[in-house]
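A.B. asks: okay, predicted coordinates and the sequence, questions at the end:
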Amino acid sequence: MKNENVIDVLIQNIKADQELLISTDKQIETLKEEKREIANRLKGYRGDISVLLKYADPKHKEQIESLGLDLADSSSSSMNPVATVVLEIIMKTKDNSMTNGALYDAYVKTLKNAEEAVNYTEFNIKCRSLFNTQRLLRSKGKDAANSREDIVSLNGRVLDKEIEPQEKSKENAKG
């Protein structure tokens, strides 16, 4: 049996722990990457839930709530306050369209204090999510260099709640 010096034992322990540390760091990085992938999938599921929530029956909604997902504001939580106001304005206008400049002016009028309004450039940035999700459509106006002349319109149409019962009674009368 070989007599080892205390220093030799210490050096061996340091080398072993350095190798163990490198191995552990590699494992941690692998686990962090796996965690990122799982977190991204969960974010995707939240987006899917917000789209499909309107089709869910009460049992499914209860199951979703038990997962810790907030359903109360799922449709508006994805929109910033400016985008929410803009969507409401467009939905209330005749033909659900107006120029971008008029839309900005209408947005400013909704505020109690006009000084609280974001500037025109920031307004367009805040509304970008509405175009990216295709809730709103933008058509270039006569002057391509002037975005205030662009026509902003709702993608689809707003159904009047009063018209629906009348249409049903007409259909019942026919059939």
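C.D. replies: Sure thing, it's come through.

A.B. asks: how about stretch 58-68: buried residues?
C.D. replies: By neighbour count on 16 or more other CB atoms under 10 Å, the buried set for stretch 58-68 is Ile64. Where you see a C-beta, it was placed from the backbone N, CA and C, and this is true even at glycine.

A.B. asks: distance between that stretch and the chain's centre?
C.D. replies: Here stretch 58-68 is found 20 Å from its chain centre; the criterion is CA atoms, centre = their mean, to the nearest Å.

A.B. asks: right, and the helix or strand after the lengthiest helix in the chain?
C.D. replies: Scanning the chain for the longest helix, with DSSP state H as the assignment, gives helix 6-52. For helix 6-52, the following helix or strand on the C-terminal side (DSSP states H and E) is helix 58-66.

A.B. asks: other SSEs contacting the longest helix of the chain?
C.D. replies: Under the contact criterion of 3 or more CB pairs under 8 Å, 6 or more residues apart in numbering; DSSP states H and E, helix 6-52 touches no helix or strand at all.

A.B. asks: that one to helix 58-66, inter-axis angle?
C.D. replies: Put simply, helix 6-52 runs at 150 degrees to helix 58-66, going by axes from the mean of the first three to the mean of the last three CA atoms, to 10 degrees.

A.B. asks: quick one: low-confidence ranges for the protein?
C.D. replies: 1-2, 51, 69-78, 157-175 (pLDDT under 70).

A.B. asks: can you report how many residues neighbour Ala83?
C.D. replies: Residues within reach of Ala83, counting by other CB atoms under 10 Å, total 21.

A.B. asks: isn't it up against Asn124?
C.D. replies: No: judged on CB atoms under 8 Å, Ala83 makes no contact with Asn124 at a distance of 10.9 Å.

A.B. asks: is Ile89 in a helix, a strand, or coil?
C.D. replies: helix (DSSP: H, G, I helix; E, B strand; the rest coil).

A.B. asks: number of residues surrounding the residue lying closest to it once chain neighbours are set aside?
C.D. replies: Nearest non-adjacent residue to Ile89, counting by CB to CB, 6 or more residues apart in numbering: Ala106, 4.9 Å away. Residues lying near Ala106 (other CB under 10 Å) number 17.
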